Each structure stands twice: as structure tokens, then as C-alpha cells.
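Q: Sharing a sequence plus its predicted fold:
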Amino acid sequence: MTLLRITSPHTQGAQRTANVMRTVILATLPGLGVITYFFGWGTFINVIWCSICAVAFESLVLGLRHQPVGFFLKDYSALVTAVLLGLSLPPLAPWWVSLVAIGFAIVVAKHLYGGMGYNPFNPAMVGFALVLVSFPLEMTTNWATPSPLLQDPLTFTQTLSTIFGTPSVAVDAYTMATPLDVYKHEISHNTAVVVTAKPVFGNFVALGWEWVNAAFLLSGVFLIWKRIFTWHTPVSMLVALTVMSIVFGWDADRYTPPLLHLYAGATMLGAFFIATDPVTSAVSNRGKLFYGAGIGILVYIIRTWGSYPDAIAFSVLLMNFAAPFIDFYTQPRAYGHAKAGRSESEG
Amino acid sequence: MRKLWQFHGGIHPDERKSLSNQSPITQAGIPEKLYIPLQQHIGAPAKALVSIGDTVLKGQKIAEAQGKISVSIHASSSGKVVDISNHPVPHPSGMLDLCIVIETDGKDRWCELETCDDYSTLQPAQLLEKIRFAGIAGMGGAGFPTEVKLHPPRQSKVNTLILNGAECEPYITSDDVLMRERAQEIILGMEIMAYILEPGECIIAVEDNKPEAIAALKTAAALTRIEIVTIPTKYPSGGEKQLIKILTGKEVPSGHIPADIGVMCQNVATARAVYRAIRFGEPLISRITTLTGLQVQQPGNTEVLIGTPVRWLLEKAGYAARKQSRVIMGGPMMGFTLGNLDVPVVKTTNCLLAADAKELPLPPPAQACIRCGMCEQACPADLLPQQLYWFSRAEEFEKAEQHHLADCIECGACSFVCPSAIPLVQHYRYAKGKIREQKLEQEKSNNARLRFESRQARIEREAAEKEAKRKERAEAAALAQAAKRAESATDASEPASREDKSALVQAALRRVEAKQNQQAIANGSAEPVDIETLKKKLLRAQDKFEKMTAALDSARTSEPDRVDALAKATQASREALEKLKAELLAHPQNNEGSTPEGPALEELESNLSKAQGKLALMLKTLEDARINKPETVEKLERAVEKNQERVDAAKHALEHALSSSRTSEASSDKNDTTAVKDIT
Ligand code: SF4
Ligand code: SF4
């Protein structure tokens, strides 16, 4: 009987990449539920549609690259990209916008850059940024009106037909600008009190959005607790965003106030699910602090002075650029070395 | 309560220790044949003292320690030596090595042992000698000779002596049961070590998953100053560096040994072996080994004679190989699989783990690295394992080194946590092996270049010298010719010939002067003068001076009238010598304060030590390779052999070059002397 000969270690932990990805997907479900509750079926349909497209594109590319399709599909990474993209797109965005976004994300941003683990940019955000700059109209006018503000919200089939191009009702009646967008435009000729009195802001911060963000925040904490990622990136990003909005936006009559920054738009989704994408972020804990802070600062800058209402995608992509440099300068101090960084014994 | 620190990272693999620590230590018994390798430790293999056919007694020394880092080997039981040949030994590469094979007689007769009731009657040096000749090498895994380790460190005193009873690897319980059952011996062994080292504090560290062991040690250590410290269970807290961090908060600087920060770690089993060696004179001929894994019907810990074949041992414990079985020597995190069960148990064999694929599943196919950073969170050496992985994979070894690949202890924590099941450690071993190879190459080419350059310089120098001498001789010949003509012109009488001789002496004197001048010119023009050249010149001048003196002496007895002239010549030569000495002393390069009297000796010595250093380095590399990179061992071994030859050759060449340059000097000088002698 021949004995097996393999090198140590001979035992592995239970955590598998597939589990990690699955957990991340599961953790988005509460947020998706809240979105569906407040904004109708649009996002739900987007997520499903993106997932179907993602699997199709992934299989196609893997097939073309002569790689085992089943083996790689099983790591669920394409699905994560799809879900995150679906969650980020406007709920009533037409089907082809999603298709272009996910197609670009999987084919170009993921596979053409070398495939799983090699891609320097977050695929979901690359897809999102592409459609945002290519189809600004579709990407800004299709944000669903919160259901509580509607007499009779769209039904599932109505939503489906709206997204897939044969609207049975006028879409305009069911969409409105997002709170971030509204605040930014209104505050230039109004006071904070007047602006926040608008129905889109609801009773707390931003109707619907506040609960969506809260849901993602909770799921994010859960993932940290499950050690899927560390606290460094999200915490530093949120702290940086808060600090920025306090320093610059202390005057709510001129700038968007901190709470709105934190609880409207894709802030929490970005902090816990997008910025934490391990492949494209900084590596060391210290590096992640810089990386997250960079995203937070950029989000504030773009939201405040840029021409886009939200800024997660661009901020994340910009910091993706910086990640290798951050890594280079934030090498941890290895055991037994006086200094962090490059080996001092090297000649 | 002692303050404890934490090391970064670490993991909590399934312990599975209860499989083997539920029963007391058993005796494995005596197998028919014992295969005792001559090298079970780090360092030079021992040299066999017995030959085939010899009868040996239990505990009899059968192989002698060789060199500084080595330990002796003893017969584990009585019987007859039936073979001394290559036999499979426990090694990741499955290599063969020299073993003494003893056919046991079953009587287990001891040889006479030298007991010692009170170790404090002996000097530390005597105790160390006893430890060395009891064949004790670190029993925790590495097998470093204990005597060498126990030597007071180079500069600093050992403040903290630590006995490592952490035993953090899953499955292994040999130290655990040893601490439970032989706590007293461990404590006494530590006291002997403390007597040798005189440390400020003595600590035994045990993970908190071994309450029985802790209780036993506490009882045994009650009246001593030894402190039993319970540390949290976390792999790899038993790693030397990690344990030191936990207990002292200090980190062993990279590239240093713990003694450099005043700490020393020894294994608990080693302490016990030290005790038995000193108290009863028992050499290290048996050890406690854990037999475990679900494929072993009667798991547990057993006292095994060194040299017992693994197959015999496992079969006694009810092992039958099934499909996809693995037998691991050591634990599941750092142990290596055996390809052949005929290998013997050696001094470092703490565990034999027989498992099938159900118990220790095969690693799933590796997926892409998702850069999740889990490996980094787990790494106890604070490295960036995934970066190291990228660099190793891309063969960017320089970058891997810059990221401190060398500090990786190959604990396997990163591979363990990696969700993509990437065999990270395997990649690091590969990269480490490659880097070593490159270093060797580099060194080889460096040495070759140096050799070439020095040879080139020598040839040039010799050519120049020859030319100078040729001129000199031509001059002298012309002079002699002139003298002869003068001689033939005058009466062929004694005084005349004497005058002629004195003329010859004059000529010799002139030659010396000429040479001096030449040297002066050479010194003046060839600025800046290489110290080596200067040294060589000095050496030659010295030679010449000696010869002159000898000639003078002989002249004193046989030719009293020649003495004056010769004395002058000798004086001149001495002056030249003094001048050279002064020059050498004043030379800016001469900062080692070397004595000008012995440059040749010094040079030879430094060459020798350089060659030795290189040899040692290569041997160490090979050693490392044995542990880390089994696949390359054979290749490396061949390379080392070749290198050794080359080093030897180079050494000889250098020596030869030196002596020949001296003899050629001497022979040309001889001309001068013969010229002087001719006169007499
Ligand atoms: S644990 Fe594995 S997958 Fe995660 S970063 Fe490290 S090597 Fe990559
Ligand atoms: S094997 Fe090396 S890199 Fe991996 S965790 Fe251990 S020390 Fe760190």
C-alpha cells in the first residue's frame, strides 16, 4: 500500500472561498429586503437579472479561456459582483443598462485583467462607473420613489415590464431624485429646514435610505464578527467621511450634513461590501486604514464638489489605483525587525 | 500572576489530543533489529566506533561526536552489530543515510553507567561534556545539540531559561504525558541546566489545555524557584520565537538567536534527558513518542528505543495501511509524510500520526488568491503571506526576501486559514530553496572572480620580479666578468684571489643595494602600494635577511676575513627589512594591527578560515535543505561535494602559490647566496 506523500500542513481550516463569498451574499439579503420594502421590486429584479447575466458571462469567458467552468463558478465571486452591482444600480434602470454594466464588469474588469484575484479594480464598480458615464440619464432618473410616498406602488409584474422595456405605466410617476441629489441642488437656494421638510427626507434622515443603510451597517458588523473582513476599511472610511462632513459641512444651510452623508446613498453598502472587496483593496491592516480613509475623503469631495450625486464607485476605483502604493508603504513590521517595511539587511 | 504578552496571528486548529493522552506511557519493547542513524541531530554526523560483528551493550557508545556541533550515538539495546550501511532515515526527501544496524539479543543488558548523586559537585564544563557524550540533542523537533546550546552565549548572560512544554501542535501529546508522569525528572533536569547557566529566572510554559501536566509540574516544582506559567492555547505558541514573545514581550531580532536577548528555550523532554544523563549516566537511547491517528487501533504514548522501525511500532499498535493513508512524523501542521515505514524512530520523533483521507482530508484544489488577508491575520511572524505567495509564484525572489521571507517559520498557519486552499508554505519552501541556490551561485562566482584577480596580480608581479632579477644577474655577470679579466691580468696568487673574492662580495653588496633601490623606486612609483604586495616584499626581505645571517654565521667560523663584508651586506639587508616593516606599519590599510612578522602565516590562516567558513555555510545550506526543501537535497549534496572539492583545490592552490612564491624567491636568492658561497 503506497502512502500518500504531501507537504505540511496536513490539515486545513474550514473557511473556503466559496463560504466567504456565500456569506457575503447572504449578508446582503437584509439590505435587499429593506430596499424592496421601501423602493419596490426594482432592485430585487436587478439583482436576479445581474446574477443570471454574470453567470452567463462568466461561463462564456471561462470557456473561451479554456478553464474549468464549474470549478470557478463555484467560488461565487461572479455572483458577488452581480449582487453588488444590482444593489447599486437605480431600481428602475432598464435591463440593458444592467446588462452592459455586468458584462463589462465580468468580461473586461475581471477577466481581461487576469481573472479572479488579479483584477486591480473592483469589477462591480467598473461596470457601474461605465454605465454612469455612458448613460447618465438612465442612471439618474430611474431612482424609485419610496413606496410610502406612493398611492399604489408598482406591482412585481409592472416593475418587471418597466425594466424590460414595455412599461405599462408612465415610469416618471414612480421615480424621483435621491435625497443626496435633492439636498445638493436645493440647498443652494434654500435653508436646511426648508429642504429637509421635503417628503423625500421623511421623518429621520432620508426616507427609506436610512433603513437601507442601517441594514447594511448591521450586516457589515456581522461579517466583521464572522471574520470575513477586518474592521479597518469600513471604520476608517466612515470616520473619514464623518470628519470631512463635520469640518466642511458644519453649516447645514450650505452643505449636506454628516448624517445624510452616512445614511443616504450607498454609503454603508460601499463601506462594508464594496470597499472591503479584498482583491482590490490594500492588504495590511495599516494599509486598509489609509485605503478606507482615502475612500471616505474622496466620497465627500465628489459628492460635494463633483457633478455626481453619489460617489462610492469613483472613490473606490480611485483608491484601487492607490492600493499597490499603499501596500508598498505600509508593510507591517515583521517579527524580530526593528522597523517596518523593506528588509534592512538587504544590500 | 505573570504578565503575558501576545504574538500576532495564530490559529486554533482542531486539537485531537485526547486521542492519545488518555492512557499512561507504555513501553514499546525491543524490536528484532534497531537501525540507528549516525546523524539524528543538526551538525556533523557521529563517527562509528564499532564494526560489523561487534557485540554491544545497552547504552554503549557506538558512534563518537565529531567536531564542535555533534553528539554521540549509543546502542539502544544489547545485541550484535550486523551492518553499517545506508538505510532509509526519517527525512522529508525519503533519503538514505548511514545507520548502525543492531540485531538485538532481547536481554537488554546495560553497560556500566557512571552515576552522580549530586550534580553540584561537578563543574558546569564537566556537566556539559557529559551532556554531549550522552548524545542529547533538542527533542522538540530540531535536534540541535543540547550541549552546544547550553554553552553560555557569546556576549550576554541568559536571564531567562524557558522550558517549552507548550506542545501546540494538534495530536501530539508526548510532552503532555511526560510532564504528567515525569514532572520530577523534568524539574531536576531544569535545575541542572540552571546550574550551568545561572539564569535570573526559570520558567516552564505549558498551554492551558494540559491541566494535569500543569498540576503535576506545580507539585514537583513547589520547593524550587521554577515558575510554571500557563499560557493560552493557540498555535504556534510553542514556536520558540512566539513563546519568547508570550513570556517576555521581547522579540528575537531577525537573524539572531534567543541567547542574544538573554533568553534560552529548551524542550521539557530534553530537560528530562539531561537529568537522566547526569544522575544515572544514561545516554539518550529512548524517547516518548505519540502514536496517534484514527488508523492506529491503540493510540497512546510509548517509550521507544531509538532506532526502532516505524513499521514495527505502528503494527504493534494495530495499524494497517488503508487507501489514501498518510503516516506523518511530527504533527499535522509541520510534520512530514513518510514514504517508507522502514525508517527508524530517532531522537526528534515526537509523534507518528497515521490518518486516512477522512480524518485529514486532502487539500481541495487551490483556487485563486482572493487577497482576503486571512493569511496575514494568522501569520505569527507578522509577514504578508499573500504577498510572499505572489512573489514566490512569480519567481520574484528578491522582492520575497525584501518582504522577509527568511523570517517565515513555515508554521503553516497561513495555509491553514487560506480559504482558497493555496499551499502557501510549499511555495515558500520552493522560494527559499531557490534563494539559497542563487546565493550559492553568487558566492561561487564571487570567489572565482577573486581567485582569478589575485592569480592575475600574482602572475604580473612575478613577471616583473623575474625581469628585475634577470637584469640584476646580467649586471653581476658583467661585473664578475670584469673581475675575472682583472684577475687574469694580475698574478694568480692567494691575496689576489682574496681581493677578487672581496670584489665579488662587493658585487653582491651592490646587488643588494640595487635591489633596495629598485624596491624604493617600485615603492615610489607604484603608489598606492597594496598592503599585500608590501607584505610579500617584507616576507622576501625577511627570507633574504635570514639567509644572509646564515651565510654570515658560517663565514664567522670558516672565513673570518669575509665577516666584515658579509656583516655589511647583512646590515644592508636588515635595513631594507626594517624599512619595509616601517612602511607596512605605516601603511593606511594596515589597520588590523597585524604583526608584520607573520604576514604569510596570517594570510594562510585567513584563507583557511575563509574556506572553512564557506564550507560551513554550504553545509548549513544543505542542512536547511534537508529540512525545508527535500526535493533539492540530492542535487545540493552533489553541489556541496563539488564545492568542497573546489574549495579544497582552491585552498591548496593558494597554499601552493604562497609557498612556491617563497621558494622561487628563495631559489633566486640562492643564486646570490651561492655567489657568496662561491667565494669561500
Ligand atoms: S488567505 Fe489565501 S486567498 Fe486569502 S489572501 Fe491569503 S493567500 Fe490569498
Ligand atoms: S508559514 Fe510563514 S508566512 Fe505562513 S503563517 Fe507561518 S510564518 Fe507566516
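A: Everything's here; your move. Ligands and ions are numbered 1, 2, ... in the order given.
Q: quick one: low-confidence ranges for the chain?
A: Chain wasn't specified; assuming chain A. Along chain A, the parts satisfying pLDDT under 70 run over A:1-2, A:4, A:167-171, A:173, A:340-347.
Q: Not quite, go with chain B.
A: Scanning chain B for pLDDT under 70 picks out the ranges B:1, B:152-156, B:487-532, B:551-566, B:584-615, B:618-680.
Q: Please work out how many residues are found near the residue in the stretch 151-300 of chain A positioned nearest to ligand 1.
A: Here the stretch 151-300 of chain A gets closest to ligand 1 at one residue, A:Pro278, 6.6 Å apart by CB to the nearest ligand atom. The C-beta positions use only the backbone N, C-alpha and C, and glycine is treated the same way. A:Pro278 has 22 neighbours, counted by other CB atoms under 10 Å in any protein chain shown.
Q: What of A:Arg227?
A: Quick note: A:Arg227 (other CB under 10 Å) scores 13 neighbours.
Q: ok, it - contacts?
A: Taking CB atoms under 8 Å, 6 or more residues apart in numbering or on different chains, we find A:Arg227 in contact with B:374, B:377.
Q: tell me which element it is part of?
A: Using DSSP states H and E, A:Arg227 maps to neither a helix nor a strand.
Q: so how far is A:Thr81 from it?
A: 22 Å (CB to CB, to the nearest Å).
Q: Kindly report the same for B:Lys47.
A: 65 Å.
Q: So between the two, which is more surrounded?
A: A direct count of neighbours by other CB under 10 Å for B:Lys47 and A:Thr81 places A:Thr81 higher, at 29 against 15.
Q: quick check, whichever strand or helix holds the more buried one touching chain B?
A: Per DSSP H and E, A:Thr81 falls inside helix A:77-88. Yes. Interface with chain B: helix A:77-88 contributes A:Ser77 (CB under 8 Å from any CB of the partner chain).
Q: what's that helix packed up against?
A: Applying 3 or more CB pairs under 8 Å, 6 or more residues apart in numbering or on different chains; DSSP states H and E, we find helix A:77-88 packed against helix A:17-39, helix A:42-64, helix A:95-103, helix A:123-134, helix A:267-269.
Q: among the ones you listed, which is the most enclosed?
A: Each of those was scored by mean neighbour count; the highest is helix A:267-269, a mean of 26, by mean count of other CB atoms under 10 Å in any protein chain shown.
Q: Which strands and helices lie in contact with that one?
A: helix A:77-88, helix A:209-225.
Q: what's that helix in contact with?
A: Residues contacting helix A:267-269 (CB under 8 Å, 6+ apart): A:31, A:84, A:87-88, A:212-217, A:220, A:238, A:241, A:261-262, A:299, A:312.
Q: ChimeraX command to pick out the buried ones of those residues?
A: Applying 16 or more other CB atoms under 10 Å in any protein chain shown to these, the buried members can be selected in ChimeraX as follows:
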select /A:31,84,87,88,212,213,214,215,216,217,220,238,241,261,262,299,312
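Q: For the stretch 301-450 of chain B, which segments are assigned as strands?
A: B:326-329, B:336-337, B:351-355 (DSSP state E, counting those that start in this stretch).
Q: looking at those strands, which is closest to B:Ile196?
A: Taking CB to CB, strand B:351-355 is the member of the strands of the stretch 301-450 of chain B nearest to B:Ile196, at 28.9 Å.
Q: Please identify the pairing partners of that closest one and their relative orientation?
A: strand B:286-292 (parallel), strand B:326-329 (antiparallel) (DSSP bridges).
Q: could you dump these to TSV with distance to ligand 1 and mean neighbour count?
A: Conversion of the strands paired with strand B:351-355 to TSV gives the following (distance: least, CB to the nearest ligand atom, whole Å; neighbours: other CB atoms under 10 Å in any protein chain shown):
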stretch	distance to ligand 1	mean neighbour count
strand B:286-292	28	26
strand B:326-329	23	25
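Q: Figure out which of the ones you listed is closest to ligand 2.
A: strand B:326-329 (17.0 Å).
Q: can I have the closest one written out in CSV, keeping just the CAs?
A: Extracted C-alpha coordinates of strand B:326-329, given in CSV (Å, rounded to 0.1, in the frame of the first residue of the first chain):
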residue,chain,number,x,y,z
ARG,B,326,-0.7,9.1,5.4
VAL,B,327,1.9,8.5,8.1
ILE,B,328,3.2,11.8,9.4
MET,B,329,6.2,12.1,11.5
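Q: who's in contact with it?
A: Residues contacting strand B:326-329 (CB under 8 Å, 6+ apart): A:3-6, A:8, A:10, B:90, B:293, B:310, B:314, B:321, B:335-338, B:341, B:343, B:349, B:351-357, B:360.
Q: Report the residue ranges of every domain in the chain.
A: The chain I'm using is chain A. A:13-177, A:178-330 (automatic domain parsing).
Q: my bad, chain B
A: Domain assignment of chain B by automatic domain parsing yields the ranges B:26-355, B:369-406+B:413-495, B:529-679.
Q: Buried deepest among those, which one?
A: domain B:26-355 (a mean of 21).
Q: That one: how far from the chain's middle?
A: Centroid separation for domain B:26-355 versus its chain: 20 Å, with CA atoms, centre = their mean, to the nearest Å.
Q: What is the end-to-end distance of that domain?
A: One end of domain B:26-355 to the other measures 21 Å (CA to CA, to the nearest Å).
Q: That domain and ligand 2 in contact?
A: No. Domain B:26-355 lies apart from ligand 2 when judged by CB under 6 Å from any ligand atom; the minimum separation is 7.5 Å.
Q: residue contacts, the closest residue to ligand 2 within the stretch 151-300 of chain B?
A: When scored by CB to the nearest ligand atom, the stretch 151-300 of chain B has B:Pro236 as its residue closest to ligand 2, at 7.5 Å. Contact analysis of B:Pro236 by CB under 8 Å, 6+ apart lists B:10, B:168-169, B:242, B:333, B:380, B:409, B:411, B:413.
Q: nearest to ligand 1, of those residues?
A: Among the contacts of B:Pro236, B:Ala413 lies closest to ligand 1 (CB to the nearest ligand atom), at 10.2 Å.
Q: I'd like to know which residues of the stretch 1-150 of chain A are adjacent to ligand 1.
A: Close to ligand 1, as judged by CB under 6 Å from any ligand atom, the stretch 1-150 of chain A has no residues.
Q: contacting residues around stretch A:102-119?
A: Outside stretch A:102-119, the residues touching it (CB under 8 Å, 6+ apart) are A:50, A:53-54, A:57-58, A:60-62, A:65, A:67, A:72, A:75, A:77-78, A:81-82, A:85, A:120-124, A:126-128, A:130-131, A:279-280, B:367-371, B:420.
Q: Spell out which parts of the stretch 51-200 of chain B neighbour chain A.
A: Within the stretch 51-200 of chain B, the positions adjacent to chain A are B:92, B:94, B:170 by CB under 8 Å from any CB.
Q: could you redo those residues as CSV and give each row distance to B:Gly300?
A: CSV is the format used below for those (distance: CB to CB, whole Å):
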residue, distance to B:Gly300
B:Pro92, 26
B:Gly94, 27
B:Pro170, 16
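Q: I'd like the residues you listed laid out as TSV, including distance to B:Lys3 and secondary structure.
A: Below are those laid out as TSV (distance: CB to CB, whole Å; DSSP: H, G, I helix; E, B strand; the rest coil):
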residue	distance to B:Lys3	secondary structure
B:Pro92	39	coil
B:Gly94	45	coil
B:Pro170	28	coil
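Q: The nearest residue to A:Pro91 once chain neighbours are set aside and ligand 2, how far apart?
A: Closest residue to A:Pro91 apart from its sequence neighbours, by CB to CB, 6 or more residues apart in numbering or on different chains: A:Gly42 at 2.8 Å. Applying CB to the nearest ligand atom, to the nearest Å, the value for A:Gly42 to ligand 2 is 46 Å.
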